[in-house]
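Q: Next one to model:
(2 chains)
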There are 2 protein chains.
Amino acid sequence: MVALLGLAAGAQVPAAAQRYVAAHREQLVKAFSDLLAIPNQSSDPANIERNAAAIERLYQAQGVQTELLGIPGAPPVVFGRLDRPGATRTITFYAHYDGQPVHPEEWAQPPYQPVVRDGRIWARSAGDDKAAVFGFTAALGALRAAGITPAVNLHFYLEGEEEAGSPHLAQFLSTYADKLRTDAWIICDGPVHQSGRMQVFFGARGVAEVQMTVYGPGHGLHDGHYGNWAPNPITMLVHLLAGMRDDNARILIPGFYDDVRPLGAAERRAIAAMPAYDATLARDLELGHTEGAPATLAEQIAKPALNIRGIQGGFVGKGAANVISTEASASLDFRLVPDERPEKVRELVESYIRKQGYTILDHAPSPDERRAHAKLIRLQWGSGYPAAQVPLDAPLSRQVVRLVQDASPQPVIRLPIMGGSVPMYLFQGPGHIPAIGVPIANYDDNQHSANENLRLDYLWQGIAVYASLFAGLR
Amino acid sequence: MVALLGLAAGAQVPAAAQRYVAAHREQLVKAFSDLLAIPNQSSDPANIERNAAAIERLYQAQGVQTELLGIPGAPPVVFGRLDRPGATRTITFYAHYDGQPVHPEEWAQPPYQPVVRDGRIWARSAGDDKAAVFGFTAALGALRAAGITPAVNLHFYLEGEEEAGSPHLAQFLSTYADKLRTDAWIICDGPVHQSGRMQVFFGARGVAEVQMTVYGPGHGLHDGHYGNWAPNPITMLVHLLAGMRDDNARILIPGFYDDVRPLGAAERRAIAAMPAYDATLARDLELGHTEGAPATLAEQIAKPALNIRGIQGGFVGKGAANVISTEASASLDFRLVPDERPEKVRELVESYIRKQGYTILDHAPSPDERRAHAKLIRLQWGSGYPAAQVPLDAPLSRQVVRLVQDASPQPVIRLPIMGGSVPMYLFQGPGHIPAIGVPIANYDDNQHSANENLRLDYLWQGIAVYASLFAGLR
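A: The predicted structure is shown next:
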C-alpha cells in the first residue's frame, strides 16, 4: 500500500485516485474514446452487443466477474461483481451504456468519433452515461494501483435501454431478484449542479400522465351563427384546466396535498444550504418571473407539480377560422412526491372532473353519447409510478455525502429529491432498499442533443468520487 | 295586365310570379344552369369576367340598364338600374356572383356541371349566391309578363368577391357613392330558417378578432426539472382565457356589456315568436347541452359573444413530451351587437389583460424583453367592424315582412340580428341607410362545402318573394 501521510483519513483515497489519473491520462482518454466509438442506441442490437462485450472486457481487466443478464427483446444488462470474502454487505452501482439517438448533421464532428478539444471529450454518451460506465473501471484501477481493498461487495448493474425509458427494468429486477440482492443502490447518472458543485440526490419524483379530450358539436360549426349557444370544447377545457392549478404552481384539485409527506428537518436544512443560483438560472432561461416566488427552484421541485405539456383545439395563425371545434385536448403530467400514489392521483382528478359535471369516457364518444351527456371528456392515463426518497439523515445518506465530499473541493449539495422522474422506486422494491444518486457530468454536457461532451476535469473528479465511495462505503 | 281576381291584393303578385314560373320551368332551369356552369372564384379573373358578361345579358334582357363598376385588382361589380320615370325612391338589391373554392374530388358530380336530381339543382353557388343573382331576373320576367310595374327605382348591386371577404366593398361604396345613392338595401344572401320557414333579418353582428400569444422560457425546458418554478405559458393562457368568459356564454371582461343597446320590444316579440326548433337543432348537431339555457339560440345570438376559435401550445397525443413550451397562442373572435365598437372592445380587452399583470407587445419578444417583464403577451388584432341593425318596427321593416309574407305559405320569421358577421354597416354608411336581409336558399344547401345545391321549390318561392318586393316596395 502506498504511503498517504499528511492527508485526512477520508481524503487519502481520492488523493490516490488523482495521482493514478495524473499518471494515466492518455491511456484513460484512449480507453474511454474506444468505448465512446461504439454506436449505442438501444434499438441497434449488433452495436449494443459490441458495447456489452467491450464493457465486460473493461470490468474483467479490473478483476470484476461479469455476466450478461438477458430478457428476450431487451438489450442485455452487464452485471459485474467484485465480491470480497467475508463481506456482509453489498452495494450496487447503476449506470447505463446506451445513448440517445443522433442527428449527425447537427454535430461539429461525427458523434461516434470522439474528439478532445477545449478540455472536453466530445461524443454521444460522453456525459450520459458512459462517463459512469467507464469511470467505475478507472476508479477500480486506481484502488488496485494503491493497494486499497473495498470493505463491501461491489456490484455493477449497467443497462442498455435507459434512453428508451427502461421498458424492461422492472422485469430484469424481478427475473434476477436473487442475483441482484443488495443492501443499497448508488445511481450514477445525470449532471452535477448548475453551479459546478457536486450534488447527491436522495430520490426522484414519481409521475402520472393523462391526456384529456373534451367534446363539442359533432361537426365544426360557424361560431357566428352558433357561438354563445353550442358549447365550445376549447372554452370548456380552459375552465377545467384553470380549476386544476393556479398560475403560481398551486394545485387546486381538492385533496391533492393530503398524502404529501412534509419535508423533514434534514431535508429543509439541505435545501436552505443550496447555493443561491436561481437568479442566474432565470437569466439564462430568459424568465421574467418564477412561480411560487420567493420559494426557490429546489423548494418548488420538492412539491408535487401539475404541468400542462400541450394543448390543442381548432387552429391559430393562418389556419384560424370562425369555427366551434368538435374537440379540444390537453396533455398533462403530475410529478409526485412521497407518499403520493398515481392511483390516488387518478381518483382525485376524476372526482374533480366529475364534480364539474363531466361524464368520463375511455373512448371517443358516439353521436348518441354526445347527445346524451351535457359534458363529455375522454381520459387516457399513462402508466405512472410513485416517488422514491431516502431520508437525508439515514446512515447511508450521511456516509455517501461524506465520501463524495472527501473527493470534492467545494461543499457538496444535497438535493432531497430530483425534479425529474426516474423510476428509483423500482430499485427500492418492496424491501425499501435505499437508492441514492451521485452524478458526475458537467451541467452543460448537451445530454440528449448534438455535441454531447464531458469536461475531462469532471471525469477525473468523478473517478476520485467513485474511488472514495468504493473504498469507504460500509 | 292579367286578371288576379279572388286573391288578396298582396298575394296577387306572388301568384302571378308562380304562374309565370310554372309556365317557364324548363327555360328557367336551363338559364340558371348556364349561369352556374361558369366557374366563379374571385381569384380567377377570366371566368369572373365571363360571369359578369353573362349576368349583364340576363339583366339587359329584362330591360335593366347595366354597367360594370371597376376598381383595379377587384372583380367588377355588375350594377343594374331599372329606373321608373317619376319615382322618388330607390331600393338596391344586393347579391354576389362569386363562389367558394371547390375540391372536385369531394363532389358527386363536377361542381360547374349543374345537375337536377331529387328536386334540387347541384352546382357551386346554386344556393350561395347565384340563386339570388338569377332569381332577381326571373322575378323581373314574371312582372313583365304580368304587366306589373314597380313603384320605385330598382337597383342591383352584384359583387364578385364576397367569398373572399369583400376586400374592396368599402372602396366600391365610396368610389361610386353618387351612383349608388339609395334609400334602402335589401341583402339577398344566406339560407332561410332551419325549419324551412322564410326569414327576414334586420342586421348582422359586428366582429373583432385577435390572436394572443403568451410567452414562457426562451427555449423548451424539462417540466420535471423546472415545472412549478419556470412559468408555463399554456397555464398562463388558460387562466387568462378562463377569466375572459365563463363556460355559459357570459363575457367576464369588465365593462364589456356597457355599450350593449338593450333589445327593443319589437325585437323581443320577434324572438319570442320564433318556432321552437332548438331541440331538433341540438339533436342534429349532437349537442348534450347548450350554453345560456333556457335562453334560445335566437336570444343567445342577439348578445355579444366571445368565441375561442383555436388554441395551441406544446404537443398532445403521440407528440406530447415533458416540456414547458416557449409560447402558447389562442385565436379569438368577438361578435358585437349595437352599439359596441371594435376599438372599444380592444381597449377593454387590453385593459383586462394589463390588470392581470401582462405587458402587451405587438411583436415577438427578444430575450431581454422576456427577462424584463414578468408576463408578456403579443396581441395581433384583425380589422373589425361594428354591428348594423334596423328596428323591426321601422316602416320599411314592416313593409318587407308583409311583402315576403305575401309570398310565403307559413309565417315569416323575423330575426332581429344575424349571428354571423357581414359588413352590413358598410351599406348603411354614415347616412344610416336601412339594410334588411331576405334569404331564399334552403338551410341544407351545403354552402361553402362539396355538393352545394338549391331546392328548386325554394328557388320558385324565392322568385315569388322577389317579385312581391319589386312590385310592392314603396
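Q: wait, residue A:67 sits on residue A:79?
A: Yes - if you go by C-beta atoms under 8 Å, residue A:67 and residue A:79 touch, sitting 5.5 Å apart. The way it works is simple: take the backbone N, C-alpha and C, and place the C-beta from them, glycine included.
Q: Between the two, tell me which one has more neighbours.
A: Ranked by neighbour count (other C-beta atoms under 10 Å in any protein chain shown), residue A:67 and residue A:79 place residue A:79 first, with 23 against 14.
Q: which residues sit against the helix or strand hosting that one?
A: For residue A:79, the host element (DSSP states H and E) is strand A:77-82. Residues from elsewhere that reach strand A:77-82, judged by C-beta atoms under 8 Å, 6 or more residues apart in numbering or on different chains: A:52, A:55-56, A:59, A:62-70, A:97, A:140, A:150, A:153-160, A:172, A:176, A:179-180.
Q: what's the offset of it from the middle of its chain?
A: The chain centre lies 22 Å from the centre of strand A:77-82; the measure is C-alpha atoms, centre = their mean, to the nearest Å.
Q: Quick one: mean pLDDT for that strand?
A: Average pLDDT, strand A:77-82: 98.
Q: Dump that strand to CSV, restricted to CA.
A: Written as CSV, here are the backbone C-alpha positions of strand A:77-82 (Å, rounded to 0.1, in the frame of the first residue of the first chain):
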residue,chain,number,x,y,z
VAL,A,77,-27.6,-5.9,-18.7
VAL,A,78,-23.9,-6.1,-18.0
PHE,A,79,-23.8,-7.3,-14.4
GLY,A,80,-20.5,-7.2,-12.6
ARG,A,81,-19.4,-8.5,-9.1
LEU,A,82,-16.4,-7.7,-7.1
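Q: Next secondary structure element downstream of it?
A: strand A:90-96.
Q: Buried ones in that next one, by neighbour count?
A: Buried residues in strand A:90-96, defined by neighbour count with 16 or more other C-beta atoms under 10 Å in any protein chain shown: A:90-96.
Q: Quick one: those as TSV, columns for distance to residue A:471 and pLDDT too.
A: Listed next are the buried residues of strand A:90-96 as TSV, based on distance: C-beta to C-beta, whole Å; pLDDT from 0 to 100:
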residue	distance to residue A:471	pLDDT
A:90	16	98
A:91	12	98
A:92	16	98
A:93	13	98
A:94	19	97
A:95	19	97
A:96	24	97
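Q: In JSON lines: these, plus distance to chain B.
A: Compiled in JSON lines, the buried residues of strand A:90-96 are given as follows (distance: C-beta to the nearest C-beta, whole Å):
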{"residue": "A:90", "distance to chain B": "30"}
{"residue": "A:91", "distance to chain B": "27"}
{"residue": "A:92", "distance to chain B": "24"}
{"residue": "A:93", "distance to chain B": "23"}
{"residue": "A:94", "distance to chain B": "19"}
{"residue": "A:95", "distance to chain B": "20"}
{"residue": "A:96", "distance to chain B": "18"}
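Q: now the helix or strand hosting residue A:470: how far from the chain's centre is it?
A: Residue A:470 belongs to helix A:456-472 when assigned by DSSP H and E. Here helix A:456-472 is found 21 Å from its chain centre; the criterion is C-alpha atoms, centre = their mean.
Q: just checking, what packs against that helix?
A: helix A:9-36, strand A:90-96, strand A:120-122, helix A:130-146, helix A:395-406 (3 or more C-beta pairs under 8 Å, 6 or more residues apart in numbering or on different chains; DSSP states H and E).
Q: Output it as CSV, restricted to C-alpha atoms.
A: C-alpha atoms of helix A:456-472 as CSV (Å, rounded to 0.1, in the frame of the first residue of the first chain):
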residue,chain,number,x,y,z
LEU,A,456,-12.2,15.9,-18.6
ASP,A,457,-11.7,17.6,-15.2
TYR,A,458,-15.2,16.4,-14.3
LEU,A,459,-14.3,12.9,-15.3
TRP,A,460,-11.1,13.0,-13.2
GLN,A,461,-13.0,14.3,-10.2
GLY,A,462,-15.7,11.7,-10.9
ILE,A,463,-13.2,8.9,-10.8
ALA,A,464,-12.0,10.2,-7.4
VAL,A,465,-15.6,10.3,-6.2
TYR,A,466,-16.2,6.7,-7.2
ALA,A,467,-12.9,5.6,-5.7
SER,A,468,-13.9,7.3,-2.4
LEU,A,469,-17.3,5.5,-2.4
PHE,A,470,-15.8,2.1,-3.4
ALA,A,471,-13.2,2.3,-0.7
GLY,A,472,-15.3,3.9,2.0
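Q: how many degrees apart are that helix and helix A:130-146 in direction?
A: 60 degrees (axes from the mean of the first three to the mean of the last three C-alpha atoms, to 10 degrees).
Q: Pull out the buried residues from helix A:456-472.
A: Applying 16+ other C-beta under 10 Å to helix A:456-472 flags A:456, A:458-472 as buried.
Q: Repeat that for stretch A:249-260.
A: Within stretch A:249-260, judged by 16+ other C-beta under 10 Å, the buried ones are A:249, A:251, A:253, A:256, A:259-260.
Q: repeat for stretch A:367-387
A: A:369-371, A:373, A:375-379, A:381, A:384-387.
Q: Quick check: the two most widely separated of those residues?
A: Greatest spatial distance in the buried residues of stretch A:367-387: A:371 and A:387, 42.4 Å, computed using C-beta to C-beta.
Q: Next, the angle from whichever strand or helix holds residue A:267 to helix A:395-406.
A: Per DSSP H and E: residue A:267 is located in helix A:265-272. In terms of direction (the same axes, to 10 degrees), helix A:265-272 departs from helix A:395-406 by 30 degrees.
Q: quick check, helix A:265-272 touching chain B?
A: No - figure legend: helix A:265-272 not in contact with chain B (C-beta under 8 Å from any C-beta of the partner chain); closest approach 13.0 Å.
Q: what's the following helix or strand after that helix?
A: helix A:278-284.
Q: pull the CA atoms of that following helix into PDB?
A: Taking C-alpha atoms only, helix A:278-284 is exported to PDB below (Å, rounded to 0.1, in the frame of the first residue of the first chain):
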ATOM      1  CA  ASP A 278     -31.900  30.900  -9.100                       C
ATOM      2  CA  ALA A 279     -31.300  34.400 -10.400                       C
ATOM      3  CA  THR A 280     -28.500  33.300 -12.700                       C
ATOM      4  CA  LEU A 281     -30.700  30.400 -13.900                       C
ATOM      5  CA  ALA A 282     -33.700  32.700 -14.600                       C
ATOM      6  CA  ARG A 283     -31.500  34.900 -16.600                       C
ATOM      7  CA  ASP A 284     -30.100  32.000 -18.700                       C
END
